[in-house]
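Chemist: sequence and predicted structure, then a few things I'm wondering about:
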Amino acid sequence: MVVSSPAAAKLSSAAPASPLLAADVGGTHVRVGLVQAGHGPSAALEMLDYQQYRCADYPDLGSILATFLADRRPVRECAIASAGYALADGTVISANLRWPLSCAQIRDQLGLDAVHLVNDFEAVAHAAAHMEASKVLQITGPEQAATGPILIVGPGTGLGAAVWIPQGRNAVVLATEAGQASLAANNALEIAVLQQMLRERSHVTIEHALSGPGLLNLYNALCVVRGVAAPHATPDAVTAAACSGGDATAEETLELFCGILGSTIGDMALLYGAQGGIYLAGGILPKLSQFLLNSSFVERFLNKGPMRKALQGIPVKLVEHGQLGVIGAASWYLGRRETESVASQPAVTQVPGHHLPCAGSSQATTGQSAGIHQ
């Protein structure tokens with residue numbers, strides 16, 4: 001989706017020399033960067049500046065962006081990566097954001113020519129070419145993968161997933177709402193925990209288990225199943241207690257989380273044909289890396305009957321999310337700008353192929369590969 005002002009009609013795809021403001025909006029943090037693009041589809045991106053902000057410290061996204069832009073060089077356009085459901089009026093419905101997100105309001109508040117919106121994990125998928133430049137931990141599978149679709153998935157405030165599909169020099173990104181699919185139980189304990197969770201809601205999604213809030217859901221349900229008290233009130237508290245080794249129920253919760261994650265990622269690998277590899281991102285997993293390596297994640301990932309051998313050939317890597325959402329948002333938009341004229345967009349319009357669910361939108365977008373210098 002693009003929300004533009006009349007001044008945006010003066011822009012052309014080759015004209016902008018000013019840097020692009022790019023933001024990755026999560027439920028807990030907003031990561032903001034100033035990105036400069038070279039000319040041509042293969043030109044490198046340069047991260048000129050980068051900051052991270054806590055959502056709870058600001059009344060809205062516009063205030064965060066205004067804080068970032070203070071005393072920095074002026075910008076004309078902004079690319080925002082955020083989870084949510086985009087409406088035709090430029091507002092976004094999201095269960096995980098602390099405040100409403102309106103592209104038109106941000107545009108007017110900051111005096112920008114245009115604001116561009118892309119799904120958060122779709123943006124991360126557009127940064128797939130830059131994954132190996134980030135901090136990467138091999139979880140399972142071969143070092144190198146066959147050429148094919150790459151799955152990027154990760155738990156944070158919610159659970160995001162997208163697929164990067166190579167197509168010559170370009171790529172197609174398939175955005176998904178995989179986190180909203182129904183949670184599947186695979187053993188007696190998971191069935192008991194799922195039944196407990198179903199007492200509080202009619203539909204238990206994958207996200208209700210595989211996210212920060214989901215970890216707390218698992219912990220509370222497990223405490224009921226085990227008939228023990230639940231002294232921990234936050235996901236961080238559960239994680240700290242589990243990693244310290246002094247709380248058996250917290251440790252069992254984290255093992256439950258890792259096992260469900262492995263099984264779910266294995267399902268997604270088969271559903272999306274992720275022969276090119278799997279990157280685990282999101283805000284939670286880097287903090288759990290050692291626990292994850294020693295958990296049942298790999299065995300549950302491979303436990304798909306006759307498809308075990310196929311999954312053994314898929315590398316699974318844990319990547320530090322960091323700046324990838326910002327890089328991906330910038331890469332997504334700048335790639336589109338090579339092939340589309342921003343000047344042709346009306347005041348409120350849908351970018352063809354943009355996956356956020358607006359009327360008549362498609363579920364795939366295309367992007368071009370670009371380098372990144374930080």
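Modeler: Cool, the structure landed. Residues are numbered from 1 along each chain as shown.
Chemist: okay but residue 283 is in contact with residue 29, surely?
Modeler: Yes - under the criterion of C-beta atoms under 8 Å, residue 283 is in contact with residue 29, at a separation of 7.3 Å. For every residue, glycine as well, the C-beta is placed using N, CA and C.
Chemist: now residue 274: how far from residue 60?
Modeler: Residue 274 sits 36 Å away from residue 60, going by C-beta to C-beta, to the nearest Å.
Chemist: the two: which has the busier surroundings?
Modeler: Per other C-beta atoms under 10 Å, whichever of residue 274 and residue 60 has more neighbours is residue 274, with 26 against 18.
Chemist: which SS class is that one?
Modeler: coil (DSSP: H, G, I helix; E, B strand; the rest coil).
Chemist: not counting residues beside it along the chain, what's closest to it?
Modeler: residue 151 (3.8 Å; C-beta to C-beta, 6 or more residues apart in numbering).
Chemist: give me the pLDDT for the one you found.
Modeler: On pLDDT, residue 151 comes in at 95.
Chemist: give the burial count for it, as a bare number.
Modeler: Count around residue 151 with other C-beta under 10 Å applied: 28.
Chemist: ok, residue 248 next?
Modeler: Neighbours of residue 248 (other C-beta under 10 Å): 12.
Chemist: need phi/psi at it.
Modeler: phi -60, psi -40 (degrees, to the nearest 10).
Chemist: any idea how far residue 217 is from it?
Modeler: 19 Å.
Chemist: repeat that for residue 332.
Modeler: Distance, residue 332 to residue 217, using C-beta to C-beta: 32 Å.
Chemist: looking at the two, which is more packed in?
Modeler: Using other C-beta under 10 Å as the criterion, residue 332 and residue 217 rank with residue 332 on top: 29 against 24.
Chemist: my guess is the more buried one contacts residue 124. True?
Modeler: No - applying C-beta under 8 Å as the test, residue 332 and residue 124 come out as separate, 9.8 Å apart.
Chemist: joint contacts of those two?
Modeler: Common neighbours of residue 332 and residue 124, counting by C-beta atoms under 8 Å, 6 or more residues apart in numbering, are residue 81.
Chemist: mean confidence for the strand or helix carrying residue 330?
Modeler: Using DSSP states H and E, residue 330 maps to helix 324-337. The average pLDDT within helix 324-337 is 86.
Chemist: tell me the pLDDT at the most centrally placed residue in the chain?
Modeler: By C-alpha atoms, centre = their mean, the mean C-alpha position of the chain lies nearest to residue 121, the distance being 3.1 Å. Note on residue 121: pLDDT of 83.
Chemist: how much space between the nearest residue to it once chain neighbours are set aside and residue 225?
Modeler: Nearest non-adjacent residue to residue 121, counting by C-beta to C-beta, 6+ apart: residue 160, 3.3 Å away. Distance of residue 160 to residue 225, computed by C-beta to C-beta: 28 Å.
Chemist: and these two? which has more neighbours close in?
Modeler: Ranked by neighbour count (other C-beta under 10 Å), residue 160 and residue 225 place residue 160 first, with 31 against 14.
Chemist: who's sitting farthest from the centroid in this structure?
Modeler: The chain, C-alpha atoms, centre = their mean, max distance from centroid: residue 227 (35.4 Å).
Chemist: rewinding a little: could you confirm the residue nearest to residue 274 falls within a strand?
Modeler: Yes - applying three-state DSSP, one finds residue 151 inside a strand.
Chemist: where along the stretch 251-374 of the chain do the helices fall?
Modeler: Secondary structure of the stretch 251-374 of the chain (DSSP state H, counting those that start in this stretch): helices at 289-293, 297-302, 308-312, 324-337.
Chemist: residue 262 is nearest to which of these?
Modeler: helix 297-302 (3.3 Å; C-beta to C-beta).
Chemist: same for that closest one, what does it pack against?
Modeler: Helices and strands touching helix 297-302, by 3 or more C-beta pairs under 8 Å, 6 or more residues apart in numbering; DSSP states H and E, are strand 136-140, helix 248-272, helix 308-312.
Chemist: quick check: which of these is buried the most?
Modeler: Of all the helices and strands packed on helix 297-302, helix 248-272 has the most neighbours on average by mean count of other C-beta atoms under 10 Å, namely a mean of 21.
Chemist: now that helix: average pLDDT?
Modeler: Model confidence over helix 248-272, given as mean pLDDT, is 97.
Chemist: in the stretch 51-200 of the chain, where is pLDDT below threshold?
Modeler: Scanning the stretch 51-200 of the chain for pLDDT under 70 picks out 85-86, 90, 95, 129-130, 132-134.
Chemist: can you rerun that using 90?
Modeler: For the stretch 51-200 of the chain, the stretches with pLDDT under 90 are 71-74, 82-105, 117-136, 143-147, 154, 156-158, 160, 166-177.
Chemist: please enumerate the helices of it.
Modeler: 61-69, 103-110, 120-126, 188-198.
Chemist: next, count neighbours for residue 316.
Modeler: Residue 316 - counted by other C-beta under 10 Å - has 25 other residues nearby.
Chemist: roughly how far apart are it and residue 292?
Modeler: From residue 316 over to residue 292 (counting by C-beta to C-beta), the distance is 10 Å.
Chemist: give the intersection of the neighbour lists for those two.
Modeler: In contact with both residue 316 and residue 292: residue 139, using C-beta under 8 Å, 6+ apart.
Chemist: could you report the pLDDT at the residue farthest from the centre of the chain?
Modeler: 97.
Chemist: gap between it and residue 45?
Modeler: 54 Å.
Chemist: ok, now residue 266?
Modeler: From residue 266 to residue 45 the distance is 33 Å (C-beta to C-beta).
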